[in-house]
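A.B. asks: got a structure for you, letters missing:
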């Protein structure tokens, strides 16, 4: 009799455990038990909340007086100060509920040539961070018709999320630029065939047609983008200390007047979509100020998306970041770098980089991380990018939660 009772008890405990695991494999249904107090976890932004750009400027905008680490501390700890319910503005619609019955947030990325682990990493960052009930990623490929995605070892594990969450789309320049009068007079210079200049164009074309956020393929999504996506302005971010745009992250509305101004201006300027020309195309008069062009495409502080840039460009040489990088390729360094953690001497440290590196503590507060063109650099497991990749992979395999304390839906 005792054995029967023990067996029944084990079965009940087993069923409880299986039910628990099942419920927690649904993305964006967090565990509200003990794990909800995860020390380094984020909470999803409240439905309908958007950023207050004046507060972002006040705490992050003045690069001569405000250190990036202080900006990030503010972003990480003071969401209640810079996120507010969507304001009632005539002609503006509040953010829709996050479910598949309403339009999704739309993200775009463009890739030329053979697909590598770097594009897969961007795709994983999308799955790891964004609310998947209301997010879709368009991956634009210039050779989609000649590519068997099942044969690519980096993309094959991600195909189960296509087309519901990730949709692969063919970049056909002639077809897309012949679809509207806004492209009248366009041409295809030879240097577009394999050039960053082509991606400078792609982002404005796909955003003009579809709207959404374009992200370069050397950018990782770090936080839920809804508070920026649904804010009542289009945006990019500042090119380091220069009063020019960096369009590595670019939010435009579908068929917006801003994208039309840039497209028409670039076509008249020999198809030059370089970010340094964007303000010129947006100007209503010669040498318009940033304040004037901000009324069209807002130039957000670079720290939100690119926290190392000012230090790397020696504008904030005394900046102490977390991790305390000095240059962009520190992201790929498999060993502990000097002053990575202030007070830790890598020459006497007897542990592994894995002991001190954790995705939870990577530039907390940022919305994206731009790692700037290390395309051929190998991803080592103990490097920061390797640790982040491992976190993505373990999340996608159901072994661990993301920064929002969620498991992913097992498809």
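C.D. replies: Nice, I can see it. Keep in mind that what you see is a predicted model, and the values were worked out from it rather than measured.
A.B. asks: Could you use CA atoms for every contact and neighbour count after this?
C.D. replies: OK.
A.B. asks: now stretch 152-167, how far from the centre of its chain.
C.D. replies: 18 Å (CA atoms, centre = their mean, to the nearest Å).
A.B. asks: May I see the buried residues of it?
C.D. replies: Of the residues in stretch 152-167, 154, 155, 158, 159, 165, 166 count as buried by neighbour count, 16 or more other CA atoms under 10 Å.
A.B. asks: What's the separation between the residue nearest to the fifth one when sequence neighbours are not counted and residue 210?
C.D. replies: In other words, residue 165. Once flanking residues are discounted, residue 165 sits nearest to residue 136: 4.8 Å by CA to CA, 6 or more residues apart in numbering. Look at residue 136 and residue 210: by CA to CA, to the nearest Å, they are 12 Å apart.
A.B. asks: again with residue 381
C.D. replies: 37 Å.
A.B. asks: What does the closest residue in space to residue 95 that isn't next to it in sequence show for phi and psi?
C.D. replies: Sequence neighbours aside, residue 48 is the residue nearest to residue 95 in space, at 5.3 Å (criterion: CA to CA, 6+ apart). Taking degrees, to the nearest 10, you get phi 80, psi 0 for the backbone angles of residue 48.
A.B. asks: Helices along this structure, start to end?
C.D. replies: For the chain, helices defined by DSSP state H occupy the ranges 2-23, 53-60, 68-77, 79-82, 117-129, 173-177, 196-210, 226-229, 257-268, 278-282, 290-293, 309-312, 384-396.
A.B. asks: now these in CSV, with distance to residue 357 and mean pLDDT?
C.D. replies: Output for these, formatted as CSV (distance: least, CA to CA, whole Å; pLDDT from 0 to 100):
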stretch, distance to residue 357, mean pLDDT
helix 2-23, 28, 43
helix 53-60, 26, 97
helix 68-77, 18, 98
helix 79-82, 25, 96
helix 117-129, 18, 98
helix 173-177, 42, 93
helix 196-210, 32, 96
helix 226-229, 28, 98
helix 257-268, 40, 96
helix 278-282, 38, 94
helix 290-293, 38, 88
helix 309-312, 21, 97
helix 384-396, 7, 98
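A.B. asks: which one of those lies closest to residue 335?
C.D. replies: helix 384-396 (9.5 Å; CA to CA).
A.B. asks: Show me where this protein has its strands.
C.D. replies: Taking DSSP state E to define them, one finds strands in the chain at 49-51, 83-85, 105-111, 135-141, 166-170, 212-215, 219-221, 234-238, 245-252, 297-300, 368-370.
A.B. asks: out of these, nearest to residue 316?
C.D. replies: Using CA to CA, these put strand 234-238 closest to residue 316, at 15.1 Å.
A.B. asks: Who are the packing partners of the closest one?
C.D. replies: Using 3 or more CA pairs under 8 Å, 6 or more residues apart in numbering; DSSP states H and E, the elements in contact with strand 234-238 are strand 245-252, strand 297-300.
A.B. asks: Include mean neighbour count, distance to residue 388 and mean pLDDT when you put these into a markdown table, please.
C.D. replies: Shown next, in a markdown table, are those (neighbours: other CA atoms under 10 Å; distance: least, CA to CA, whole Å; pLDDT from 0 to 100):
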| stretch | mean neighbour count | distance to residue 388 | mean pLDDT |
| --- | --- | --- | --- |
| strand 245-252 | 24 | 20 | 98 |
| strand 297-300 | 22 | 25 | 97 |
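A.B. asks: Need the ones you listed in CSV (columns: distance to residue 99).
C.D. replies: Listed next are the helices and strands packed on strand 234-238 as CSV, based on distance: least, CA to CA, whole Å:
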stretch, distance to residue 99
strand 245-252, 21
strand 297-300, 28
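A.B. asks: Between those, which one is closest to residue 140.
C.D. replies: strand 245-252 (15.2 Å).
A.B. asks: Could you give the number of residues near residue 374?
C.D. replies: By other CA atoms under 10 Å, the residues close to residue 374 number 13.
A.B. asks: Oh, that last question was meant for residue 136, not what I typed.
C.D. replies: For residue 136, using other CA under 10 Å, the count is 24.
A.B. asks: That one: what's it in contact with?
C.D. replies: 104, 105, 106, 107, 164, 165, 166, 167 (CA atoms under 8 Å, 6 or more residues apart in numbering).
A.B. asks: Please apply the same query to residue 277.
C.D. replies: For residue 277, the contact set (CA under 8 Å, 6+ apart) is empty.
A.B. asks: that older thread, reformat the strands of the chain into JSON lines and put distance to residue 320 next to each item.
C.D. replies: Below are these laid out as JSON lines (distance: least, CA to CA, whole Å):
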{"stretch": "strand 49-51", "distance to residue 320": "26"}
{"stretch": "strand 83-85", "distance to residue 320": "26"}
{"stretch": "strand 105-111", "distance to residue 320": "31"}
{"stretch": "strand 135-141", "distance to residue 320": "34"}
{"stretch": "strand 166-170", "distance to residue 320": "37"}
{"stretch": "strand 212-215", "distance to residue 320": "27"}
{"stretch": "strand 219-221", "distance to residue 320": "22"}
{"stretch": "strand 234-238", "distance to residue 320": "21"}
{"stretch": "strand 245-252", "distance to residue 320": "23"}
{"stretch": "strand 297-300", "distance to residue 320": "22"}
{"stretch": "strand 368-370", "distance to residue 320": "17"}
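A.B. asks: Of all these, which one comes closest to residue 401?
C.D. replies: strand 219-221 (16.1 Å).
A.B. asks: residues in contact with that closest one?
C.D. replies: Residues from elsewhere that reach strand 219-221 (CA under 8 Å, 6+ apart): 121, 122, 125, 126, 129, 248, 367, 368, 369, 370, 371, 372.
A.B. asks: how deep is the third one tucked in, by neighbour count?
C.D. replies: The one in question is residue 125. So residue 125, with other CA under 10 Å, has 21 neighbours.
A.B. asks: pretty sure it is touching residue 223, no?
C.D. replies: No: counting by CA atoms under 8 Å, residue 125 stays clear of residue 223, with 9.3 Å between them.
A.B. asks: one step back: which of the strands of the chain sits closest to residue 179?
C.D. replies: For residue 179, the closest of the strands of the chain is strand 166-170, at 14.9 Å, according to CA to CA.
A.B. asks: Can you flag the buried ones in the contacts of strand 219-221?
C.D. replies: Using 16+ other CA under 10 Å, the buried ones in the contacts of strand 219-221 are 121, 122, 125, 126, 129, 248, 367, 368, 369, 370, 371.
A.B. asks: Contacts only, for the third one.
C.D. replies: Think residue 125. Shown in contact with residue 125 (CA under 8 Å, 6+ apart): 220, 221, 222, 392.
A.B. asks: Good, wrapping up.
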